[in-house]
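1. when you get a sec, could you give me coordinates for this:
(one chain, ligands or ions: 1)
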Amino acid sequence: MRRDERISPLSTTPSWVPEWEDLAAADPEIADIADREAGRLAAGLQLIASENHASPAVRAVLASPLSMKYAEGYVGQRFYPGCEHVDRAEELAVQRARALFGAEHANVQPHSGTSANLAVYAAFAKPDDPVMALSLAHGGHLTHGARISFSGAWFTPVPYEVDRATEQIDYEAVREIARIHAPRIIVCGGTAYPRNIDYQAFREIADEIEAILWVDAAHIMGLVAGGEVPNPVPFADVVTTTTHKTLRGPRGGMILCRGEHARAIDRAVFPFSQSGPSMQAIAAKAVALREASQPAFKDYARGMIENARALADALAGHGARLVSGGTDTHIVVADLQPLGIDGARAEDLCARAGIYLNKSAVPFDPMPPRTPSGIRVGTAAVTTQGFGAGDMVEIAGLIARACRGEDPGRIAADIAGLVARHPAFPVGGSAPGGSDPGGGIRRGGSPA
Ligand SMILES: *Cc1c(COP(=O)(O)O)cnc(C)c1O
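-> I've put the predicted structure just below:
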């Protein structure tokens, strides 16, 4: 057989596809854990805004032999032989990313959002340089200058905050802080910021002080792919994203940048901060990018936002206060102070019933970080399962009941009815996003 010859027809299961039974026999403990986790996902409501259900196609390629290949370097310039096939996967991922987001350059190798962000610091800043970003307490990310992260330990964080009244970014304040501190990099984008960002305003501020404008779009790139929120790429020097949040691909990161920064970014990823790339993850990114470029994904992106708005309104109806008054994205941050419960307690009570959401600080939070006033919920995963706005009203009711301390067993019973209509892993599952989304456990039975 020639080394590049196909070993099986495309439409049948190739001999190299792993069998669940192989794992179950070799390591029943881990097989049991994986199946229980599938059961937890299937039985509960996944409202952690960062999480999603990747498609069967994405998960299939993650388990492929592409994971075995060492391919340090870039397409056509690898440090090992035998990269002709993985090269094509990386080429496709790069092409699809560039086409989908209109980017001059894409690097699809970062292992995670944090790895992508580390590379951006490495490309544009020297140790101790001032880097300006939304404060963690106001919705920024750990990698935006928190002292417990490399970003705050190795660089000089210059935080900006949201306006006290609107709880949205105060662009005049950003301009003033930028003029005073002259940061090397200005970062916008966050992890608990539910609103669209005025990229043009940030571009003008960055130009004024000759800073690099970096948009950390980790959460929203799926919404961008669907054309439902503004695309930061035309405005930014560099955009980083995860591939596993609203983009619904494999766990990983990606960097999009202007052509003039291509070399700096590529070198900052490899060899500066990573060595061997995960070729199975890169191929899975290509699969996810193809999915995200299809018309159905636009419906998915719109659905995430419609669901977030419905969930926000319904939570407000139960007495929660919406941070910034609402949402433009898949993220809702709700202040529970009017309900007399803190976010940590709400997180715990909800989790006991099978509703997974997370505690979150609200801007100018009077409570300490361990027991902040709010919760963050996101609609990426439930929208993949096919839930609609009416279901969000029910979900808000379940959250409110959990927060009141109702018996978790009773709430879980009602969740069972909801998830039966929209299973996370439909048996014989098809492509995600439609009425029959998300799952596809082809072998090994359906989870609990
Ligand atoms: C999730 C997130 C990251 C980090 O992604 P990981 O893959 O968890 O490392 C970075 N920035 C923002 C804004 C995020 O929301």
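2. give me the neighbour count for L136.
-> 24 (other Cβ atoms under 10 Å). (Each C-beta comes from the backbone N, C-alpha and C, glycine too.)
3. quick one, what contacts the residue of the stretch 1-150 of the chain found nearest the ligand?
-> Closest to the ligand within the stretch 1-150 of the chain is G113: 2.3 Å, counting by Cβ to the nearest ligand atom. Neighbouring residues of G113 by Cβ atoms under 8 Å, 6 or more residues apart in numbering: H141, T143, D216, A218, T240, T241, T242, G253.
4. what's the closest non-adjacent residue to it?
-> In space, and not counting its chain neighbours, G113 is closest to T242: 3.9 Å by Cβ to Cβ, 6 or more residues apart in numbering.
5. beta partners for that neighbour?
-> G253 (DSSP bridges).
6. likewise G378?
-> I331.
7. can you give me the neighbour number for it?
-> 31.
8. and if you look at D414?
-> 15.
9. all helices of the stretch 251-400 of the chain, in order?
-> For the stretch 251-400 of the chain, the helices defined by DSSP state H, counting those that start in this stretch occupy 262-267, 279-292, 295-317, 343-353, 380-384, 389-403.
10. which strands or helices does the fifth one pack on?
-> When you say that, I think you mean helix 380-384. strand 45-46, helix 295-317, helix 389-403 (3 or more Cβ pairs under 8 Å, 6 or more residues apart in numbering; DSSP states H and E).
11. got TSV for the ones you listed, with mean neighbour count and mean pLDDT too?
-> Compiled in TSV, the helices and strands packed on helix 380-384 are given as follows (neighbours: other Cβ atoms under 10 Å; pLDDT from 0 to 100):
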stretch	mean neighbour count	mean pLDDT
strand 45-46	26	98
helix 295-317	20	98
helix 389-403	20	98
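12. could the ones you listed be laid out in TSV, adding distance to R345?
-> Putting the helices and strands packed on helix 380-384 into TSV (distance: least, Cβ to Cβ, whole Å) gives the following:
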stretch	distance to R345
strand 45-46	18
helix 295-317	16
helix 389-403	8
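13. quick one: the residue nearest the centre of the chain and N52, what's the gap?
-> Nearest to the mean C-alpha position of the chain, by Cα atoms, centre = their mean, lies K245 at 2.3 Å. The gap separating K245 from N52 is 6 Å, by Cβ to Cβ, to the nearest Å.
14. list residues touching both of these two?
-> Common contacts of K245 and N52 (Cβ under 8 Å, 6+ apart): G222, A380.
15. helix, strand or coil for the residue nearest to the centre of the chain?
-> coil (DSSP: H, G, I helix; E, B strand; the rest coil).
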